[in-house]
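Student: everything below, folded, please.
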Amino acid sequence: MPLSKSQLKFLRGKCHALNPVIMVGQKGVTPQLLKELDIALDQHELVKIKIVSEDRETTLAMMDEICAREGTERVQVIGKTLTVFRRNNQKPVIQLPKD
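Tutor: Numbers count the residues shown, from 1 in each chain. I've put the predicted structure just below:
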């Protein structure tokens, strides 16, 4: 289910204080990185990812690949930093505002 504008605005406000939890390096988006991302999303729901890449097109492709994960929503992109959100249905951490 896509997030509403008010929910995205709420999440963008929360992500300013976050530090990057996942770092994407020269190897790019690997299965191990995606496994770590799944663990981080289950624990925190809102995760900031730093992508280290020289090429802008490569960076955007990596961001698209990460956001293509089931249930993952792109919240914000600033330069080479991506913030994503995925609801944890068993143990919700963030209470989203109603529309």
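Student: all contacts plus neighbour counts: C-alpha atoms, from now on.
Tutor: OK.
Student: any idea how far residue 26 is from residue 58?
Tutor: 11 Å (CA to CA, to the nearest Å).
Student: likewise for residue 24?
Tutor: 12 Å.
Student: so the two - more neighbours on which side?
Tutor: Set residue 24 next to residue 58 and count neighbours by other CA atoms under 10 Å: residue 24 wins out with 17 against 14.
Student: hey, what's the more buried one bridged with?
Tutor: Bridge pairing for residue 24 (DSSP bridges) gives the partners residue 51.
Student: and the residue most central in space within the chain, which helix or strand is it part of?
Tutor: The chain has residue 84 as the residue nearest its centroid, 2.0 Å off, counting by CA atoms, centre = their mean. Assigned by DSSP states H and E, residue 84 belongs to strand 81-85.
Student: which residues of the chain fall in helices?
Tutor: Per DSSP state H, the chain carries helices over the ranges 5-15, 31-44, 56-67.
Student: tell me which of those approaches residue 98 most closely.
Tutor: helix 5-15 (7.7 Å; CA to CA).
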